[in-house]
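Student: prediction below, plus the sequence it came from.
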There are 2 protein chains.
Amino acid sequence: LDAEDPARVAEVLEPLHPADIADLFEQIGGSRLRALLAIWTSDEIGAVLSELDEGLREDVIDALPQAVLADAVRDLDSDDVVDLVEDLDAAQQTAILDVLEAPDRVAVEQSLQYPEYSAGRLMQRELVKAPEHWTVGETIDHIRAEDDLPEQFYHVILIDPRMRPTGYVTLGRIMGAHRDVPLQDLTEDSFRKIPVTQPESEVAYAFNQYHLISAPVVDENERLVGVITIDDAMVVLDEEHNEDILRLAGVGDESVSDSTWEITRQRFPWLGVNLATAIIASLVISLFEEVLTQVVALAVLMPIVASMGGNAGTQSLTVAVRAIATKDLTGSNAWRVLRREVTASLLNGAVFAVIMGAVSLVWFGTPVLAGLIAVAMVINLGVAGFAGLLIPLALDKLKIDPALASGTFVTTVTDVVGFFVFLGLASMILL
Amino acid sequence: LDAEDPARVAEVLEPLHPADIADLFEQIGGSRLRALLAIWTSDEIGAVLSELDEGLREDVIDALPQAVLADAVRDLDSDDVVDLVEDLDAAQQTAILDVLEAPDRVAVEQSLQYPEYSAGRLMQRELVKAPEHWTVGETIDHIRAEDDLPEQFYHVILIDPRMRPTGYVTLGRIMGAHRDVPLQDLTEDSFRKIPVTQPESEVAYAFNQYHLISAPVVDENERLVGVITIDDAMVVLDEEHNEDILRLAGVGDESVSDSTWEITRQRFPWLGVNLATAIIASLVISLFEEVLTQVVALAVLMPIVASMGGNAGTQSLTVAVRAIATKDLTGSNAWRVLRREVTASLLNGAVFAVIMGAVSLVWFGTPVLAGLIAVAMVINLGVAGFAGLLIPLALDKLKIDPALASGTFVTTVTDVVGFFVFLGLASMILL
């Protein structure tokens, strides 16, 4: 796909979904993308913009002529406009808001007042509501008379005279009922209100846990201000997971379209933390220089003890981090889970102690060495299970994201304990 | 919550959502849960069963009286029944299928014919369809006359005379249009058919990528056989992510309600693989016993080189695994991403080489040692970036899940290279 032949470019991009065009843009990147944008216009460009990675989005907005951008933005729902402008710098933001019609601009500006990553930023203002005393017939007539229906809606929200939502009815139920049935008789049990300041991660959790399709958003006075639909919640869930995975690996919020410089900078801090903890582990080793000089086999074997501990610790902490995120691990079952983790780690430790003891015996022919590594292995794996559960729980209590910091702490513990126990026992016995 | 007082148990559980009751059951577990089930019955038990972890579900089904189970299952949609029975042993499966009415049982049995984790298992058979020549009025009359509407539906699917879906219309559009408008004029661009054998992970990807709310499922003759809704796709997306995170950490499909024995067994294989790779790294170290005996500082510093390489490799591979899963990393941009990964790793390697060189100089006062660790650090981090990207890509080409196996391969490479370069250079220079 080269930016030489406009007709060919249009031919390739035309049948694609905006999300696929955005993915394509992310793969092209850089100057080739700017050349392509110069020759390609489409009324889908607004939808493509909403799908783009944040980093690239700013570049594309800068590259687009003002008139094209204006048309693109006017077609979007309010939640998509908010999503589009919230990460832009002030100049770009103003440029986009200026092209909106007054009521739309006010709606977007109000949404931007809510904290980042809150339900208020995620909701759309376009919704269909009905007074709670209406019948099916009145509702259908109202919807038919309405010119400006939301692109997508799945429920009619019932409101009381003070604009507080009191229930909702699916469109399927309305269509299946006779005209004189009151809406009140058709409301769904799944009805849940979402406070406008609720973090979007909790919104996504609620949609997933309770199989919601859409949910009304209310302000501090319980008044209806918007609606969140499951497709937006699914995007948040996907992003949250992505963030968790990357954080567990000590990577920031990175994407394939980021520049070399950005990824270097993003990965630097965690490599720095890792260097500090590796130096701590080395300091532990240096305590035992004497025994290492005398028995060089210890230097050969010691990484095995640390590595097995690190691996077992990572297993425990990953399960713990997931269980905390899905609210399956709480104070009430922590004790039971801890006993289970430590027991499982000790059991595996015992098996691998036997295996590694046998390997060492064959390798070095020294029963003492085989015994040493076996004992160190059991202890370090037990500690791994213990630390792998308690460190994420403690970080969560301290309101630090356990996905972000657990790995470093746990592997520091297993490195230090692994080297200390193995070399310490060796000094006591061999020196 | 103790199983002593039935009234109190009912009082606590009554207001909870079935998903929350399921979470509570998972936290209670074991014999206390059986005691609780003996005194608590509710017509929500079917919904609770669908939400339970697979492991626990079998226990609960065994604990329930046959009559209670029968009532519970009859209330569920066909996709929920399939989800419920697919992992049960044959005796339990037959017991549940026998309580269903004949047409429902046939529907469930047909779904069970499709491969596990395919669209056919995920879809529900309850749907609303209309011949493609119908008008809005005909459709509304048909829906009103229908006794057995699906619990949830969001689209009316248009079919041709051979039962092949040709488009769909949202209920919102139908309600907003006049009775004489043909459905054909209201169809949505987002329409996508899903083959019944498509893996559920790809179904979830399509829903997320294209913001689908529901999509018709077709058999090999393109005939309509069911419909998948976004709430089910969201559950799959959640499970897939969970699996990815756990696999990256070398943990199987584990949950907090698993027994000690199960988690011991699940974690054993990856600890075994890790032991094998750790032994390989130790074999590399043992090649250099001579220089280690003479310069014990090498034994102190060598884990730092390996640890930094492992960390940088994990960062690269995690980003690569995510990008492969989201189809952001493909053959066409692999070369560009590889250059970026290696450059970023070398840049960070250079900075940490300087830092670690300085630390070693202060610590041991030997410029040669400082130079050695600096060079080894740059090389190992460069290799980490290279292996961290290429290994997941290669595994993906070989149809092996990169999340499952990348970590072990990459850390083996960085351990081996780290020890080999550092100790090898040391032997060449110091001996």
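Tutor: Yep, that arrived. Numbers count the residues shown, from 1 in each chain, chains lettered A, B, ... in the order given.

Student: which secondary structure element contains the closest residue to A:Gly382 other than its chain neighbours?
Tutor: Sequence neighbours aside, A:Leu346 is the residue nearest to A:Gly382 in space, at 4.7 Å (criterion: Cβ to Cβ, 6 or more residues apart in numbering or on different chains). C-beta here means a position set from N, CA and C on the backbone, and glycine is covered the same way. Remark: A:Leu346 resides in helix A:331-364, with elements defined by DSSP states H and E.

Student: and the next helix or strand after that helix, what does it pack onto?
Tutor: Per DSSP H and E, the first helix or strand lying C-terminal to helix A:331-364 is helix A:367-397. Here helix A:367-397 touches helix A:297-325, helix A:331-364, helix A:402-430, going by 3 or more Cβ pairs under 8 Å, 6 or more residues apart in numbering or on different chains; DSSP states H and E.

Student: for the record, mean pLDDT for helix A:367-397?
Tutor: For helix A:367-397, mean pLDDT is 96.

Student: do stretch A:247-263 as well
Tutor: 83.

Student: got any ranges where chain A has weak pLDDT?
Tutor: Across chain A, the ranges flagged by pLDDT under 70 are A:1-4.

Student: most neighbours per residue, which of the helices and strands packed on helix A:367-397?
Tutor: Burial of the helices and strands packed on helix A:367-397 is given as mean neighbour count (mean count of other Cβ atoms under 10 Å in any protein chain shown); helix A:297-325 ranks first at a mean of 27.

Student: run the contact check for it versus chain B.
Tutor: Yes: looking at helix A:297-325 against chain B by Cβ under 8 Å from any Cβ of the partner chain, the contacts come from A:297, A:299-304, A:306-308, A:311-312, A:314-315, A:317-319, A:321-323.

Student: state the distance from the residue nearest to A:Gly382 to A:Arg340.
Tutor: A:Leu346 sits 11 Å away from A:Arg340, going by Cβ to Cβ, to the nearest Å.

Student: was I right to think the residue nearest to A:Gly382 contacts A:Val378?
Tutor: Yes: between A:Leu346 and A:Val378 there is a contact at 6.5 Å, judged by Cβ atoms under 8 Å.

Student: next up, phi/psi of the residue in the stretch 51-200 of chain A that chain B sits nearest to, please.
Tutor: Proximity of the stretch 51-200 of chain A to chain B (Cβ to the nearest Cβ) peaks at A:Leu171, 3.7 Å away. Dihedral pair for A:Leu171: phi -60, psi -30, per degrees, to the nearest 10.

Student: domain assignment for chain A?
Tutor: Here the domain parsing of chain A from automatic domain parsing is A:6-113, A:129-230, A:260-430.

Student: tell me which of those domains sits most buried.
Tutor: domain A:260-430 (a mean of 21).

Student: for that domain, how far is the first residue from the last?
Tutor: 50 Å (Cα to Cα, to the nearest Å).

Student: just to revisit the earlier point, okay if I get the domains of chain A as TSV plus distance to B:Ala384?
Tutor: Converted to TSV, the domains of chain A look like this (distance: least, Cβ to Cβ, whole Å):
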stretch	distance to B:Ala384
domain A:6-113	24
domain A:129-230	31
domain A:260-430	10
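
Student: how close does A:Ala376 sit to B:Arg125?
Tutor: 58 Å.

Student: wait, what's in contact with the residue nearest to A:Leu248 when sequence neighbours are not counted?
Tutor: Sequence neighbours aside, A:Ala403 is the residue nearest to A:Leu248 in space, at 5.2 Å (criterion: Cβ to Cβ, 6+ apart). When contacts are counted by Cβ atoms under 8 Å, 6 or more residues apart in numbering or on different chains, A:Ala403 touches A:Glu243, A:Asp244, A:Arg247, A:Leu248, A:Val321, A:Ala325.

Student: got the residues of the stretch 1-150 of chain A near chain B?
Tutor: A:17, A:19-20, A:23, A:26-27, A:29, A:128, A:140, A:143-144, A:146, A:149-150.

Student: report the two of these separated the most.
Tutor: A:Gly29 and A:Ile140 (49.2 Å; Cβ to Cβ).

Student: distance from stretch A:158-166 to the middle of the chain?
Tutor: 34 Å (Cα atoms, centre = their mean, to the nearest Å).

Student: quick one: is it near chain B?
Tutor: No: residues of stretch A:158-166 are not located near chain B by Cβ under 8 Å from any Cβ, the shortest gap being 16.0 Å.

Student: show residues contacting that stretch.
Tutor: A:129-132, A:134, A:157, A:167-169, A:183-184, A:187, A:193, A:216, A:218, A:221-224.

Student: equivalent analysis for stretch A:260-279, please.
Tutor: Contacts of stretch A:260-279 (Cβ under 8 Å, 6+ apart): A:55, A:250-254, A:258, A:408, A:411-412, A:415, B:303-304, B:307-308, B:311-312, B:315, B:319, B:340-341, B:343-344, B:347-348, B:351-352, B:355-356, B:359.

Student: list the contacts of A:Thr411.
Tutor: Under the criterion of Cβ under 8 Å, 6+ apart, the neighbours of A:Thr411 are A:Thr277, A:Gly310, A:Gly313, A:Thr314.

Student: hmm, back to that, mind listing which of the residues of the stretch 1-150 of chain A next to chain B are in helices?
Tutor: A:Ala19, A:Asp20, A:Asp23, A:Glu26, A:Gln27, A:Ile140, A:Ile143, A:Arg144 (DSSP state H).

Student: let me know the closest of these to A:Glu101.
Tutor: For those, the nearest to A:Glu101 is A:Ile143 (23.0 Å; Cβ to Cβ).

Student: tell me which element the nearest residue to A:Gly250 once chain neighbours are set aside is part of?
Tutor: Excluding its sequence neighbours, the residue lying closest to A:Gly250 (Cβ to Cβ, 6+ apart) is A:Trp270, at 3.3 Å. Per DSSP H and E: A:Trp270 is located in helix A:260-286.

Student: and the gap between the residue of the stretch 301-431 of chain A found nearest chain B and B:His155?
Tutor: Here the stretch 301-431 of chain A gets closest to chain B at one residue, A:Thr318, 3.5 Å apart by Cβ to the nearest Cβ. Taking Cβ to Cβ as the measure, A:Thr318 falls 39 Å from B:His155.

Student: now do A:Met123
Tutor: 23 Å.

Student: ok, A:Ala63 next?
Tutor: A:Ala63 sits 37 Å away from B:His155, going by Cβ to Cβ.
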